[in-house]
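Asker: here is the input, now give the coordinates:
(one chain, ligands or ions: 2)
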Amino acid sequence: SSAQPAPRPSSRPAVVAHRGASEEAPEHTLAAYRTAIEEGADALECDIRLTADGHLVCVHDRRVNRTSNGRGAVSTLELADLAQLDFGSWKGADKDGDEAADEAPDWDHDEFTSVLTLERLLELVVDAGRRVELAIETKHPTRWAGHVEARLIELLTRFGLTTGTPDAPSPVRVMSFSARSLHRVQAAAPAIPTVFLMQFVRPRYREGRLPPGVTIAGPSLRIIRRDPGYVSRVHRAGNQVHVWTVNEPADLAMCAQLGVDAVITNRPRAARELLTQR
Ligand code: G3P
Ligand code: CA
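Answerer: Numbers count the residues shown, from 1 in each chain. Ligands and ions are numbered 1, 2, ... in the order given. Purely as a prediction, here's the structure:
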């Protein structure tokens, strides 16, 4: 049977911090994830890629050019190469000027600038002191013919995160635009819920069904704006809806109104405040 996702924390949508609290801190850094946990995020989202020497790191783009002071594809660099780079300064700690800097968080330099391994992020989640879920997205998994998923399952197993029961579901779920990647995860770790990400809904999925074994739909916000009824069709098919990337108050309110199960957002603090007030 398919892994069921954990029930949401209350009647509001769960708040999933997209790449961490990525509006405030540089995406995919420990600073961004620690901030998201402090701001009350229910879950953290991260993208994972394999380095040339087989480590899973949290980086969105194929190349490190946008989010670091280095150049090149993650897949051609070793972890030691990535460790030399600065993944934080592009964001700027005090971009609002000196006055704002006085009130700006006192970032830990290493946490603000270092490449983040999935292993370190798992440690953060496990040691959070409360239940924090982790939504891990496999990026371009087809290129690696199962290596990303194999390494992922190996790490999750080491952390004891591949098992789950209805009373104590695994805090981890795996997301992908690739159904094949999700099937690899299901085969290796049947207790881990999977999320099928969609930029558009293919005809065979319009009525709310999902690829076999998948229990969560991950539509873009644009899909929900154009076709709000998609949410109830997915629910009628017995599945959850996690929408990305929802930052604006009006869109958050719309998602809550439609009863979506989770919103993936760059602004976990604001989302939490807005959704709790409703
Ligand atoms: O959470 C899903 C969303 O992150 C997918 O888009 O490009 O931000 O990885 P992207
Ligand atoms: Ca992502």
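Asker: tell me which parts of the chain are close to ligand 1?
Answerer: Residues of the chain lying close to ligand 1 by CB under 6 Å from any ligand atom are 18, 45, 47, 60, 137, 175, 197, 218, 244, 264. (C-beta placed from N, C-alpha, C; glycine too.)
Asker: tell me the two of those residues that are most distant?
Answerer: Greatest spacing in these, by CB to CB: His60 and Gly218 (15.5 Å).
Asker: of those two, who's got more company?
Answerer: Neighbours per residue (other CB atoms under 10 Å) separate His60 from Gly218, with Gly218 holding more: 26 against 18.
Asker: returning to what we had before: near ligand 2, which of the residues of the chain next to ligand 1 show up?
Answerer: 47, 137 (CB under 5 Å from the ion).
Asker: could you find the closest non-adjacent residue to Ala32?
Answerer: Gly20 (2.6 Å; CB to CB, 6 or more residues apart in numbering).
Asker: next, count neighbours for the one you found.
Answerer: With other CB under 10 Å as criterion, Gly20 counts 29.
Asker: go on, Arg131?
Answerer: Using other CB under 10 Å: Arg131 sits among 13 other residues.
Asker: isn't it up against Pro171?
Answerer: Yes. Counting by CB atoms under 8 Å, Pro171 is a contact partner of Arg131 at 6.1 Å.
Asker: how much space separates Val64 from Ala217?
Answerer: Using CB to CB, to the nearest Å, one obtains 31 Å as the distance from Val64 to Ala217.
Asker: which one of the two has more residues nearby?
Answerer: Taking other CB under 10 Å, Val64 and Ala217 do not tie; Ala217 has more neighbours (28 against 22).
Asker: from what I see, that one and Asn239 are in contact.
Answerer: Yes. Ala217 lies in contact with Asn239 (CB under 8 Å); the separation is 5.8 Å.
Asker: which residues in the protein form helices?
Answerer: 30-38, 79-83, 98-103, 109-113, 118-126, 147-158, 179-188, 221-226, 230-236, 249-258, 268-277 (DSSP state H).
Asker: coming back round to it: okay if I get the residues of the chain next to ligand 1 as CSV plus pLDDT?
Answerer: Formatted as CSV, these follow (pLDDT from 0 to 100):
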residue, pLDDT
His18, 98
Glu45, 98
Asp47, 98
His60, 98
Glu137, 98
Met175, 98
Leu197, 98
Gly218, 98
Trp244, 98
Ile264, 98
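Asker: which ones among the residues of the chain next to ligand 1 map onto strands?
Answerer: Counted as lying in strands by DSSP state E, out of the residues of the chain next to ligand 1, are 18, 45, 47, 137, 175, 197, 218, 244, 264.
Asker: contacting residues around the closest residue to Leu258 other than its chain neighbours?
Answerer: Nearest residue to Leu258 in three dimensions, chain neighbours excluded: Val231, at 4.5 Å (CB to CB, 6+ apart). With contact taken as CB atoms under 8 Å, 6 or more residues apart in numbering, Val231 is in contact with 224, 241, 258-260.
Asker: residue nearest the centroid of this structure?
Answerer: Glu45 (1.6 Å; CA atoms, centre = their mean).
Asker: on the pLDDT front, check the residue nearest to Leu258 for me.
Answerer: The per-residue pLDDT reported for Val231 equals 98.
Asker: distance check, it against Val243.
Answerer: 8 Å.
Asker: what's the answer for Ser170, then?
Answerer: Taking CB to CB, one finds Ser170 at 22 Å from Val243.
Asker: which one's more surrounded, those two?
Answerer: Taking neighbours as other CB under 10 Å, Ser170 and Val243 compare with Val243 leading, 29 against 21.
Asker: the more buried one pairs with what?
Answerer: For Val243, the beta-bridge partners are Val263 (DSSP bridges).
Asker: surely it and Pro219 touch.
Answerer: Yes. Look at Val243 against Pro219 with CB under 8 Å: they come within range, at 5.9 Å.
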